[in-house]
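Peer 1: dropping a prediction and its sequence here:
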Amino acid sequence: MAHSIMTIEELEAMAVTIRCDIIEMITTANAGHPGGSLSAADIVTALYFRVMRIDPKNPDWPDRDRFILSKGHACPVWYAALAERGYYDKAHLGTLRQLNSILQGHPDMNKTPGIDMTAGSLGHGLSAGLGMALSGRMRKKDYHVWIIIGDGESQEGSIWEAAMSGAKWKLDNLTAILDHNNLQNDDCVDTEMPIEPVADKWRAFNWHVLEIDGHDMEAIVEALEGAKTFKEGPTIIIAHTIKGKGVSFMENVVDWHGKAPCKEEAIQALEEIRRCGCE
Amino acid sequence: MSNNKKSPYRHVRSDIVQLLATGEVFTSRDQQPTRYSYAEALLELGERNPDVVVLDADVSKSMHTHNFAKKFPRRSFNFGIAEQNMMAAAAGMATTGLIPYASTYAVFASMRALDQVRNSIHYPQLNVKIAASHGGLTPGPDGVTHQGQEDLSIMRSIAHSTVIAPADPPTAKLAVWAAAEWEGPVYLSFTRDPVPVIFDMDYPFEIGKAVTVRDGTDATIIAIRDLVVQALIAAERLASKGLSVRVIDCHTLKPLDVDAILKAARETGAIVTAEDNIFYGGLGSAVAEVLVENHPIPMKRVGIRDTFAESGPYLALIKKYGLSEEHIAKAAEEVIVRKRASL
């Protein structure tokens, strides 16, 4: 708490910082997933610096909002946001994926303060969030549960099991955000195993569907706030994003799913991200 | 049996001892599937502990957990035929302090949803209780797709797992209650078909503590789940041949009671394991690992060989697939011969 609400401009500046953290972490680790971390950066920033009810000094606060990055491989964006928000010292970011680090290759709730759920195996997070939301309703808690899922991840059948049950229990305290960057490990989502029409699918599963530009901070904040106040069931925000957003040579390039930049590439990436933030 | 000091039995009901001797224990009227005992235990547990919730995947009528749903509708959640979602949702609930009992059949709990069970329950060590009916060949007529003949091996291989397979209705209830007090994931394996009530409720059930239920000196049969009663019948059969055989109910496969196994190995010098479970990675493997590393002695394993079974009455199946009291007794005689030859 003790955190003044950020303006849209301040959020945009924080997203630049987080994108730079992501590039630096992955470059230092020489491994990780830059593309999907960068595509989710604006959404994660809006959640942690504006929308979610959290207290970084009290990460286990029972009444906090919960967040799950179901596409757990994009955890550099989560780790950067938690560090910038004060859950732990930023020095930890340099230890990503190293031995004895609190920052595992995929999120571990027992090692990293602020991680509400272990993630990494795709298709689990929405179900886990559903469990948190059911528990919140049963115990008359007013926390909200936020889950970012991927579009490649949406090929997992268990996502649709969770979709059915979110609607069955009309969980208005549950919001999914689809980081729809249309790339996955091997190929374009559309080519490899199409998920379209994905908005219609969620509507058919009786979810409240919002569609936004996942890099328009104002639209992101508005959609997240809207999801929180929608009381007739669960909401999914389909956020159209660009994989590798902010780095010209990474944007929409499938090979940047799970590859670290070399030092020269990192320098260029950081320059571009900062320049973009100044525009 | 308190008035009969010569009885080798401990915690075994006296009327059952008579039936063991005549081999008529399965004619006892007092028997039921342990899946029902699970559901009965939940009703009492639900009263005592408001954090207990029960999750179902369309088999609540089979497992009798619909009774919990009737009594505690707000604490009961039916996920439909979607075991993966149920397991990960149970994990999410556990992060908030609830104690979910996720109920389904062994094949689905230990295989269909294994990724969720491993990555979202055991890796974060969340306090989820996985209740699996239809363990081993106990859903006899249902056939192979519903016979959980690997669940003990699979669950044992997962780090931080606790694996319990109670032998009879009373100890099944004790296991359900003990699991609630145990911090972390617990896998409970129950029977689809009825098993006789063998034990008194004074049975000292403690997770990780195997219980000697029959004293003996010539060999020890270490058994689990539905084969404990078969081991007791085998011991009676051997007693009529003048052999004194100890029987241990090893209800907790993991953490294994190494002390009890080594004590039996030292005191009786020959071991047979008996499990209605595939030959690989279950009780027999676990006991063999302990003996080989610490106290190698003659040993034989009774379990399902490298095969799938088929549909059929449960008792006929365990006979056909080498798990019945006759097979256990034969194995015991073999290890006793080997032990005596090596003396």
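Peer 2: On my side now, so go ahead. No experiment lies behind these values; they were computed from the predicted model shown.

Peer 1: tell me if A:Met250 really is in a helix.
Peer 2: No - counting by DSSP: H, G, I helix; E, B strand; the rest coil, A:Met250 falls outside a helix, being coil.

Peer 1: identify the residue nearest it in space, chain neighbours excluded?
Peer 2: A:Gly244 (3.0 Å; CB to CB, 6 or more residues apart in numbering or on different chains). The C-beta positions use only the backbone N, C-alpha and C, and glycine is treated the same way.

Peer 1: same check, this time on A:His73
Peer 2: A:His33 (4.5 Å).

Peer 1: quick one: pLDDT of the one you found?
Peer 2: Looking at A:His33, its pLDDT is 97.

Peer 1: give me the distance between it and B:Gln230.
Peer 2: Between A:His33 and B:Gln230 the computed distance is 53 Å (CB to CB, to the nearest Å).

Peer 1: show me which of those two is the more surrounded one.
Peer 2: Between A:His33 and B:Gln230, B:Gln230 has the larger neighbour count (other CB atoms under 10 Å in any protein chain shown), namely 28 against 25.

Peer 1: just list the residues touching that one, thanks.
Peer 2: Applying CB atoms under 8 Å, 6 or more residues apart in numbering or on different chains, we find B:Gln230 in contact with B:Ala223, B:Ala274, B:Ile318, B:Leu323, B:Ser324, B:Glu325, B:Ile328.

Peer 1: save those as a markdown table, and put in neighbour count, distance to chain A and secondary structure too.
Peer 2: Converted to a markdown table, the contacts of B:Gln230 look like this (neighbours: other CB atoms under 10 Å in any protein chain shown; distance: CB to the nearest CB, whole Å; DSSP: H, G, I helix; E, B strand; the rest coil):
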| residue | neighbour count | distance to chain A | secondary structure |
| --- | --- | --- | --- |
| B:Ala223 | 30 | 35 | strand |
| B:Ala274 | 31 | 35 | strand |
| B:Ile318 | 25 | 35 | helix |
| B:Leu323 | 25 | 35 | coil |
| B:Ser324 | 21 | 40 | coil |
| B:Glu325 | 26 | 43 | helix |
| B:Ile328 | 29 | 40 | helix |
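
Peer 1: so which of these is the closest to B:Lys173?
Peer 2: B:Ala223 (19.3 Å; CB to CB).

Peer 1: so who does the closest one touch?
Peer 2: Counted by CB under 8 Å, 6+ apart, B:Ala223 has contacts B:Ala167, B:Gln230, B:Ala231, B:Val247, B:Ile248, B:Asp249, B:Cys250, B:Thr273, B:Ala274, B:Glu275, B:Leu283, B:Ile328.

Peer 1: now, those residues that are in strands?
Peer 2: B:Val247, B:Ile248, B:Asp249, B:Thr273, B:Ala274, B:Glu275 (DSSP state E).

Peer 1: neighbours around the closest residue to the first one other than its chain neighbours, how many?
Peer 2: Think B:Val247. Spatial nearest neighbour of B:Val247, chain neighbours left out: B:Arg214 (3.9 Å); criterion: CB to CB, 6+ apart. Neighbour count of B:Arg214, defined by other CB under 10 Å: 25.

Peer 1: what parts of chain A come near chain B?
Peer 2: Within chain A, the positions near chain B by CB under 8 Å from any CB of the partner chain are A:62, A:66, A:108-110, A:116-118, A:120-121, A:123-125, A:127-136, A:138-139, A:157-158, A:161-162, A:164-165.

Peer 1: ok, and the closest non-adjacent residue to the one residue in chain A that gets nearest to chain B?
Peer 2: Closest to chain B within chain A is A:Gly131: 2.7 Å, counting by CB to the nearest CB. Closest residue to A:Gly131 apart from its sequence neighbours, by CB to CB, 6+ apart: B:Gly92 at 2.7 Å.

Peer 1: what of A:Ile147?
Peer 2: A:Ile147 sits nearest to A:Gly129 (CB to CB, 6+ apart), 4.2 Å away.

Peer 1: quick one, what contacts that neighbour?
Peer 2: Here A:Gly129 is in contact with A:Arg66, A:Ile68, A:Ser70, A:Met117, A:Val145, A:Trp146, A:Ile147, A:Leu174, A:Ala176, B:Gly92 (criterion: CB under 8 Å, 6+ apart).

Peer 1: which of those residues fall within strands?
Peer 2: Short answer: these in strands (DSSP E) are A:Arg66, A:Ile68, A:Val145, A:Trp146, A:Ile147, A:Leu174, A:Ala176.

Peer 1: kindly export stretch B:303-313 (C-alpha atoms) in CSV.
Peer 2: Below are the C-alpha coordinates for stretch B:303-313, written out as CSV (Å, rounded to 0.1, in the frame of the first residue of the first chain):
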residue,chain,number,x,y,z
GLY,B,303,1.8,-58.0,-7.4
ILE,B,304,0.4,-57.6,-10.9
ARG,B,305,2.9,-58.9,-13.4
ASP,B,306,3.6,-57.0,-16.7
THR,B,307,0.1,-57.1,-17.9
PHE,B,308,-3.4,-55.5,-17.9
ALA,B,309,-6.1,-57.6,-16.4
GLU,B,310,-9.7,-57.8,-17.7
SER,B,311,-13.3,-57.6,-16.6
GLY,B,312,-14.5,-60.1,-14.0
PRO,B,313,-15.5,-60.5,-10.4
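
Peer 1: good, wrapping up.
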